[in-house]
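>>> structure for this input, please:
(2 chains, ligands or ions: 1)
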Amino acid sequence: MSALSDQLVSIATLVYLLAMISHAVEYALGSSRAGAVAAPARELVGAAVAGDTPVAGRTGGGAVVSTVAAGRAGRTARRASLGGRIAVGLTAVAAVLHLVALVARGVAAERMPWGNMYEFVLTVSFIGVAAWLVVLVKWPFLRRLGLFLTLVMVLLVATAELVLYTPIVPLVPALNSYWFVVHVSTIVFASGLFLLGVVPAVAYLMRAGYENGKRSFPYTLARRLPAAAGLERLTFVLHAFSFPIFTFAVIAGAIWAEAAWGRPWGWDPKETWAFISWVVYAGYLHARATPSVRRNVVTWLAILGFLTVLMNLFGVNIFFEGLHSYGGL
Amino acid sequence: MTAVDDRPATPAGLPRRRGNPLLALLRNSWRQLTSMRTALVLLFLLAVAAIPGSVLPQRGVNPEDVRDFYTANPDLAPLLDRVGAFEAFSSVWFSAIYLLLFTSLIGCITPRLRDHVRALRARPPAVPKRLERLPQHVVLPASEGGTAAVAEMLRRRRWRVAVRGDEVSAEKGYLKETGNLIFHTSMVLVLIGVALGSWYGWHGNRLLVAGADQVFCNTRQQYAEFRLGPRVGDDLPRFCLQLDEFDARFLPNGQASSFNAKVTVDENGGAARQEEFSVNSPLRLDGANVYLLGHGYVPLIRYTDRFGGIQTSTVPFLTTGDIGLTSEGLAAFPDANVDPETGVRNPDLQVAFSGLYLPTAPQEPPFVRSEHPTEQNPLLDLVAYRGNLGLDAGIPGSVYQLDERQVRNGRLAEVGAKQLRIGESWTLDDGSIVEFVGTERYIVLSVRHDPGMMLLLVSSIGLVLGLMGSLFVRRRRVFVRLLPVGPADPDRGSPTDGSSLVEVAGLPRTEHPGFAAEFAQLVAAIGGRSGDAGTDPDAPVRAREGAE
Ligand code: HEM
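This is a model prediction of the structure:
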């Protein structure tokens, strides 16, 4: 079971890689044609901003426009779109493999697969990709963001596999509690959503630059991305959704720490970085509600927030020693 | 999005407003402090200020690390200590930031609380004159029932409704602001909870050795480490604990799988009772909780001095941190070799054994590291010392460690070393005998009382619920106006003549992408009953489309 899980993880990494390549193909083919399709893309997201439900209705309209455009640009566009669809299919396949690998790991360990950093990163990245697929079903025109997402997935899963891999061991007694399950599952869930939130955040920064006329390297990548306003909104929706979950997770952790160590909060490095992440994300939500703060700055705060989450996932386990040091490294 | 930044200036109520520059300065600073921007900056500062506390060792987390840091950086450490870097979270700078932030918070929510209470008690505002300016707007033929039916429909959908003549105003989503205020208020309560805990709480740590002669009663003197909040009275809750049995299970690789401590509790002098507790389920007593933090072994070392006097050491050996529970300790006999004839204690004939205990010693030397935390091959490695232990010098020494200064200045001399298994004994050069009798278990306890805990729990719940209300609820308004029956109004694109019309408009007060759909549903409910598709061909249809 454990070996099966390990193999599935390797295969899933490969499939993510293939998905990334397909996305890249879509990108390459797509950007060979000038802004012809960028305009409908902007219109689409304009609709997304106007309302959740009308999007579905309008996408058809957008598709009409893009077929018209495609008629002009010939086969390339169809190939690009095929590449994109293949990429999404591959991402879904990889996600299923990823899930099965996690389940197999859990079955082999006879517990939830969140006992060490390896399992933790695998689960967080799975949540990220699963949430991405949900987002895609809701807003299919965001497909091009898949390039960034699959890149993140390849990096994370490969790091997990190559650097963090740990053989299966049961939990130490301190981790053996209901609150642990609640705490870790919600932390994992929120982290996965934060991870996904970074994708539109980065895309927004690039696209906003592009829309402001920047034509240097990272901004040119954004030519075929959906309009900046829609990306910014998606970033907010994802963060607004995961912030309460994250808050709850931290509180659950405090309840568990009270039972295990006698104090709900002790400023151990892991707790300190959770606090930092929480404050940064609170800052993000605040900044977004403050009219005088520019959206670029706001979005950078979201990215900063995720960097602190990464710090907690990797950095704290590697650099610091604390009560939470069961990272398994 | 509520435009919170631009809170209206305080009304010019003071007569001599310009006259007092100090007051003006104060008022201005207060407005600065309670602005959203300041809150943002302070939040950011708070995050940054928390970083040193995770990078540098903290006394509250691990005092030994701080000591090690001192040894490693003898020049830097005292400087850092001066600015409170080893107690970063109670340092002046950290406290200053969060106190400012909370002042700002209170200054920010108080007026909002007042406004919101007012809004909750007020009726939804009157219908604006020019409804067509609102983001959502349609005109459709009126169904029967008039304003009463519309109001009834809106109330059923849990809108707050005000009917004024031919006009209906409705508002929904007050829970957003309520949630936001609950969230921010809960933040203040969390801080109060923490403060209560540190003023009125106390905690102490100690080791408890198994056995009836090792009972521990809850007094200050009984703790190795103790912290009493400044407002705690002198008497701690009275209870006594005796460790009857400690059960620890391990996997073959040495990792712990479960712990369980059985104790006899004697609370407030009542009848003794049996209790069990373990790592994730503390012993909750009246006025204090007892947590199990660790465990280890006590080698029982019996020493028979040259006069035949017998003493047994039951001092715990502290674990060194490895998975096999290799432990170090000291068995000191300051009262050894007292001549029974004269009763004179010779301070130069005190005896101590410093030792290393391996629960599962390897088969081959070196015997320095235990291979497993259970006692599969127990081995005690002793070094004997004789001389003055330095216990009378008045300098408090550790009971777990030999006073090395006495060895260095020659008052204490090493007189041999030997490895003993259980039951073995060793005769020293002066004919005295040391015997490894066996072992006993000990556990590490933390005993705590934190009166802020309940408040923390309640305010945490408020935090999460308030946040959900604040982030997921949307505030919006709808206005309905029955138009007088009249001639066609070409401006509104309604060519009907003679039939009554109703004008409906909607205003999302916060960002609300689903509002168009919701509005369309309301419009359908208002106009749908007439069964007529409507004379204004566009408006309701477009709205309905959105609802699909
Ligand atoms: C202890 C520090 C604080 C934390 C952790 C915090 C956290 C938050 C969070 C997470 C939100 C998002 C919820 C939402 O968007 O409705 C929020 C909203 C808000 N906060 Fe704070 N806050 C703090 C202090 C303050 C202060 C000092 C002010 C006043 C200057 C303030 C005013 C607001 C306002 C007006 C909103 C609503 C924004 C909106 O309309 O969406 N907060 N806060």
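
>>> quick one, what contacts residue B:459?
B:186, B:187, B:189, B:190, B:193 (C-beta atoms under 8 Å, 6 or more residues apart in numbering or on different chains). Placement of C-beta: from N, CA and C, glycine included.

>>> what kind of secondary structure is the second one in?
Residue B:187 carries the three-state label helix when classified by DSSP: H, G, I helix; E, B strand; the rest coil.

>>> so it touches residue B:105, yeah?
Yes: using C-beta atoms under 8 Å, residue B:187 is in contact with residue B:105, at 6.3 Å.

>>> can you count the residues close to the nearest residue to residue B:389 once chain neighbours are set aside?
Closest residue to residue B:389 apart from its sequence neighbours, by C-beta to C-beta, 6 or more residues apart in numbering or on different chains: residue B:350 at 4.6 Å. By other C-beta atoms under 10 Å in any protein chain shown, 25 other residues sit near residue B:350.

>>> beta partners for residue B:141?
Beta bridges link residue B:141 to residue B:501 when assigned by DSSP bridges.

>>> so it makes contact with residue B:483?
No: if you go by C-beta under 8 Å, residue B:141 and residue B:483 don't touch, sitting 10.0 Å apart.

>>> tell me the secondary structure for residue B:294?
What three-state DSSP gives for residue B:294 is strand.

>>> the closest residue to it other than its chain neighbours is in what secondary structure piece?
Excluding its sequence neighbours, the residue lying closest to residue B:294 (C-beta to C-beta, 6+ apart) is residue B:444, at 3.7 Å. Taking DSSP states H and E as the definition, residue B:444 sits inside strand B:433-449.

>>> the residue lying closest to residue B:346 once chain neighbours are set aside: what's it in contact with?
Spatially, and ignoring its direct neighbours in sequence, residue B:346 is nearest to residue B:337 (5.9 Å; C-beta to C-beta, 6+ apart). By C-beta under 8 Å, 6+ apart, residue B:337 lies in contact with B:305, B:306, B:307, B:309, B:346, B:349, B:350, B:351, B:432.

>>> out of the residues you listed, which end up buried?
The neighbour-count test (16 or more other C-beta atoms under 10 Å in any protein chain shown) marks B:305, B:309, B:349, B:350, B:351, B:432 as buried among the contacts of residue B:337.

>>> including neighbour count, pLDDT and distance to the ligand, could the contacts of residue B:459 go into TSV?
Listed next are the contacts of residue B:459 as TSV, based on neighbours: other C-beta atoms under 10 Å in any protein chain shown; pLDDT from 0 to 100; distance: C-beta to the nearest ligand atom, whole Å:
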residue	neighbour count	pLDDT	distance to the ligand
B:186	21	96	10
B:187	20	96	5
B:189	18	96	12
B:190	21	95	9
B:193	23	94	14
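
>>> which parts of the stretch 301-450 of chain B are helices?
Remark: helices assigned in the stretch 301-450 of chain B by DSSP state H, counting those that start in this stretch are B:404-408.

>>> would you mark the buried spots in stretch B:311-324?
B:311, B:313, B:314, B:315, B:316, B:317, B:318, B:319, B:323, B:324.

>>> just curious, which of these is nearest to residue A:123?
Closest approach to residue A:123 among these (C-beta to C-beta): residue B:323, at 26.0 Å.

>>> now do the closest one, the pLDDT please.
For residue B:323, the model assigns a pLDDT of 83.

>>> mind checking how far it is from chain A?
Separation of residue B:323 from chain A (C-beta to the nearest C-beta, to the nearest Å) stands at 10 Å.

>>> so that residue makes contact with residue B:254?
Yes: proximity of residue B:323 to residue B:254 meets the contact threshold set by C-beta under 8 Å, at 4.3 Å.

>>> where does pLDDT dip in the stretch 201-329 of chain A?
Residues of the stretch 201-329 of chain A that meet the criterion pLDDT under 70 lie in A:317-329.

>>> tell me which residue in it sits closest to the ligand.
Residue of the stretch 201-329 of chain A nearest the ligand, by C-beta to the nearest ligand atom: residue A:289 (3.2 Å).

>>> quick one, phi/psi of that residue?
Dihedral angles of residue A:289 (phi, psi; degrees, to the nearest 10) stand at phi -90, psi 0.

>>> same question, the one 4 residues further on
Dihedral angles of residue A:293 (phi, psi; degrees, to the nearest 10) stand at phi -90, psi 130.

>>> contacts only, for the closest residue to it other than its chain neighbours.
What sits nearest to residue A:293 in space, not counting adjacent residues and going by C-beta to C-beta, 6+ apart, is residue A:287, at 4.5 Å. Contact analysis of residue A:287 by C-beta under 8 Å, 6+ apart lists A:293, A:297, A:298, A:301, B:40.

>>> try residue B:219
With contact set as C-beta under 8 Å, 6+ apart, residue B:219 has these partners: residue B:236.

>>> again, but for the one 5 residues further on
Going by C-beta under 8 Å, 6+ apart, residue B:224 touches B:204, B:205, B:206, B:207.

>>> how many neighbours does residue A:230 have?
27.

>>> same check on residue A:134?
Number of residues near residue A:134 (other C-beta under 10 Å) recorded here: 11.

>>> name the SS class of the residue of the stretch 251-400 of chain B found nearest the ligand, please.
Residue of the stretch 251-400 of chain B nearest the ligand, by C-beta to the nearest ligand atom: residue B:289 (28.5 Å). Using three-state DSSP, the structure places residue B:289 in strand.

>>> that one and residue B:449 touch, don't they?
Yes: applying C-beta under 8 Å, one finds residue B:289 in contact with residue B:449, separated by 7.4 Å.

>>> list the contacts of residue B:275.
Going by C-beta under 8 Å, 6+ apart, residue B:275 touches B:262, B:263, B:264, B:265, B:283.

>>> tell me if the first one really is in a strand.
Yes: for residue B:262, which was evaluated using three-state DSSP, the result is membership in a strand.

>>> what's the span of stretch B:368-384, first residue to last?
End-to-end span of stretch B:368-384 (C-alpha to C-alpha, to the nearest Å): 17 Å.

>>> so the closest residue to residue B:288 other than its chain neighbours bridges to which residues?
Counting by C-beta to C-beta, 6+ apart, residue B:288 lies nearest to residue B:449, which is 4.7 Å off, once chain neighbours are set aside. As for beta bridges, residue B:449 partners with residue B:202 under DSSP bridges.

>>> for residue B:449, give its distance to chain A.
Distance from residue B:449 to chain A, by C-beta to the nearest C-beta: 10 Å.

>>> give the residue spans of the stretch 51-200 of chain A that score low on pLDDT.
For the stretch 51-200 of chain A, the stretches with pLDDT under 70 are A:51-75, A:169-176.

>>> got it, and chain B?
Chain B contains residues with pLDDT under 70 at B:1-19, B:392-397, B:485-499, B:528-548.

>>> other SSEs contacting the lengthiest helix in it?
In chain B, taking DSSP state H as the definition, the longest helix is helix B:92-121. On a contact count with 3 or more C-beta pairs under 8 Å, 6 or more residues apart in numbering or on different chains; DSSP states H and E, helix B:92-121 meets helix B:21-33, helix B:36-55, helix B:174-200.

>>> switch these over to CSV; also include distance to residue B:359.
Below are the helices and strands packed on helix B:92-121 laid out as CSV (distance: least, C-beta to C-beta, whole Å):
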stretch, distance to residue B:359
helix B:21-33, 60
helix B:36-55, 34
helix B:174-200, 38
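
>>> quick one, which of the ones you listed is nearest to residue B:132?
helix B:174-200 (26.3 Å).

>>> OK, contacts around the residue lying closest to residue B:44 once chain neighbours are set aside?
Leaving out its chain neighbours, the residue that sits closest to residue B:44 by C-beta to C-beta, 6+ apart is residue A:283, at 5.6 Å. With contact set as C-beta under 8 Å, 6+ apart, residue A:283 has these partners: A:301, B:40, B:43, B:44, B:47.
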